[in-house]
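J.: Starting from these lines, generate the structure:
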Amino acid sequence: MPEEDPTASAYAPLAKFYAQEQLPPLDFKEVVGDDLPQPALHLLVHNRDMTTRLERYHRSPISLKALYISMEPDSYFREVVLIADKSGKPVEYGAIEIHLEAFPEWLGKRIRDGKQPLGGILVEEKFPFVSKPSTYFRIQSDQHIQKQLELPSPITLYGRANLLCKEDGTPLANIVEILPPDPDA
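T.: Numbering: from 1, shown residues only. As a prediction, this is how the structure comes out:
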């Protein structure tokens, strides 16, 4: 039996949507965080939420566009694009598995409303959490990602797999985050 890639579970939220849509799996190539090019290094290598980092970088509030939502007994999955409100441009594509049982019911309802990125909600509500990036990667964009990030052709993109958890280690969310190329480059 072949040995399982230890980072495979890190990519599970996005792999789930790809399998469901019968898209060829992405070829994630692990990258050392400090070796990422700018601005990916600045935007990805930190232990906080992405929403706040993206809002500061793009000098814009960030909105959530849910592409697909799936509710399962133990988890809530979303495939999403984050949009900079000022430009209307996508600033992140990814997928998230949210462990709703880890949140108070009122906060779970707000998360399920799907109007705001999870990180933005947690910061706004002052809900304590820890961000633990598990791996950084590069991929070659496929047609699906190109459509979501409004890219004209295939290009190398960078991202991270991240785990949000309570301070006691209880998992809150598994996230795969992929950035478009820097619009200023």
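J.: In the chain, where is pLDDT below threshold?
T.: 1-8, 183-185 (pLDDT under 70).
J.: which stretches of it form strands?
T.: 29-31, 62-71, 76-84, 90-98, 130-140, 156-165, 171-179 (DSSP state E).
J.: Redo these as TSV? Include distance to residue 105 and mean neighbour count.
T.: Where you see a C-beta, it was placed from the backbone N, CA and C, and this is true even at glycine. Below are these laid out as TSV (distance: least, CB to CB, whole Å; neighbours: other CB atoms under 10 Å):
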stretch	distance to residue 105	mean neighbour count
strand 29-31	38	14
strand 62-71	15	15
strand 76-84	13	22
strand 90-98	14	23
strand 130-140	22	17
strand 156-165	19	21
strand 171-179	15	24
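J.: Format those strands as TSV; extra columns: distance to residue 117.
T.: Shown next, in TSV, are the strands of the chain (distance: least, CB to CB, whole Å):
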stretch	distance to residue 117
strand 29-31	24
strand 62-71	5
strand 76-84	6
strand 90-98	9
strand 130-140	13
strand 156-165	11
strand 171-179	10
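J.: Check the gap between the residue nearest to residue 83 when sequence neighbours are not counted and residue 55 for me.
T.: Using CB to CB, 6 or more residues apart in numbering and skipping the chain neighbours, the partner closest in space to residue 83 is residue 63 (4.7 Å). Relative to residue 55, residue 63 is positioned 11 Å away (CB to CB, to the nearest Å).
J.: Next: residue 43.
T.: Separation of residue 43 from residue 55 (CB to CB) stands at 11 Å.
J.: just residue 61 next, same as before
T.: 6 Å.
J.: These two: which has the busier surroundings?
T.: Legend: neighbour count by other CB atoms under 10 Å for residue 61 and residue 55, higher for residue 55 (21 against 14).
J.: residue contacts, the residue lying closest to the more buried one once chain neighbours are set aside?
T.: Distance criterion CB to CB, 6+ apart; nearest residue to residue 55, sequence neighbours excluded, is residue 62 at 5.3 Å. Taking CB atoms under 8 Å, 6 or more residues apart in numbering, we find residue 62 in contact with 51, 54-55, 82-85, 91, 117, 120.
J.: Alright, that wraps it up for me.
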